[in-house]
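Peer 1: here is a sequence together with a model predicted from it:
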Amino acid sequence: MRFSSGFSSFRRWIVCAFVCAAFVGLANSVSFAHPVAQGSMDVVVSRGSVRISARVSMEEVIVSNTQGSATPPTSTQEAIERHGFYLLNHIVLSADDSPLSGRMVSAVEEESSTRDKALYEFVFDLPAKSSPARIKLSQNVLSEFDFAPGNPWEAFYQVRLGMENSGSIEGLLGGKHPVVFGCTWKAEALPVSNSVPPVKGAEVRSVARTFVIGLCVAGGVTLLLLLLYVRRK
């Protein structure tokens, strides 16, 4: 079966268009596209510790598990927990330029219809009786993994950082953009007790004895004054 020259020309145009589109898409993906994983973090500074509540995309979880581990996870929960330990090693939290050590408290999948987020709780302990003037948060999550040759992944987090029961700041936390927060610590008032201290038995007897002696002396003085008054009459 032979086709007309018009149809053959049209077919050649279609093939050329697909080839050009493929080359343009490849060039854009390699040269210009920058893969980004986005999430959020709430950071609360309190006496003795700093708590981070992180909400992370499942895309980020998958990347760290597939490119950072030789053995694949056997379940979604295992993948989330693995990524939690990975995060703990790639989040850098410092108080007055001194790095803090942290621990993972919880790692669960967000209960939503999309199920595209993982939730984490981390706690970083502050030195005993310390009141740091500055808290600095930085990270290098996924920076060691390449989406394409020479094109590494980047992770960004919308961060809200502040003191417990006080104001906070918001910022975008990227691999090259840390978030710094100045702490304002309120002076702790000394505890005030409204209770009356207990009185011991010996103290009660002493007070009673003093009271009785005082009554006797007052009665004797009154009697003496009455006798003097009667004699004068």
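Peer 2: Yep, it's here.

Peer 1: list the contacts of residue 116.
Peer 2: Neighbouring residues of residue 116 by C-beta atoms under 8 Å, 6 or more residues apart in numbering: 57, 58, 59, 110. For every residue, glycine as well, the C-beta is placed using N, CA and C.

Peer 1: any idea how far residue 147 is from the first one?
Peer 2: The reference is to residue 57. Distance, residue 57 to residue 147, using C-beta to C-beta, to the nearest Å: 15 Å.

Peer 1: dump the helix or strand encompassing residue 50 to CSV, restricted to CA.
Peer 2: According to DSSP states H and E, residue 50 maps onto strand 49-57. C-alpha atoms of strand 49-57 as CSV (Å, rounded to 0.1, in the frame of the first residue of the first chain):
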residue,chain,number,x,y,z
SER,A,49,15.8,21.3,75.3
VAL,A,50,14.9,22.2,71.8
ARG,A,51,12.1,20.2,70.1
ILE,A,52,11.7,19.9,66.3
SER,A,53,8.4,18.7,64.8
ALA,A,54,9.2,17.9,61.1
ARG,A,55,6.7,17.2,58.3
VAL,A,56,8.6,15.6,55.4
SER,A,57,7.5,14.6,51.9
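
Peer 1: hang on, the earlier thing: now the buried members of the contacts of residue 116.
Peer 2: Neighbour-count burial (16 or more other C-beta atoms under 10 Å) is assigned, among those, to 57, 58, 59.

Peer 1: and of the residues you listed, the nearest to residue 94?
Peer 2: For the buried ones among the contacts of residue 116, the residue nearest residue 94 by C-beta to C-beta is residue 57; the value is 25.6 Å.

Peer 1: residue 141 falls within a strand, correct?
Peer 2: No: counting by DSSP: H, G, I helix; E, B strand; the rest coil, residue 141 is located in no strand; its state is coil.

Peer 1: count of neighbours near it?
Peer 2: 26 (other C-beta atoms under 10 Å).

Peer 1: these two touch, right, it and residue 175?
Peer 2: Yes: the criterion here is C-beta atoms under 8 Å, and residue 141 meets it with residue 175 at 7.4 Å.

Peer 1: joint contacts of these two?
Peer 2: residue 155.

Peer 1: hmm, back to that, widest-spaced pair of the contacts of residue 116?
Peer 2: 59 and 110 (13.4 Å).

Peer 1: between the buried ones among the contacts of residue 116, which sits nearest residue 87?
Peer 2: residue 57 (12.2 Å).
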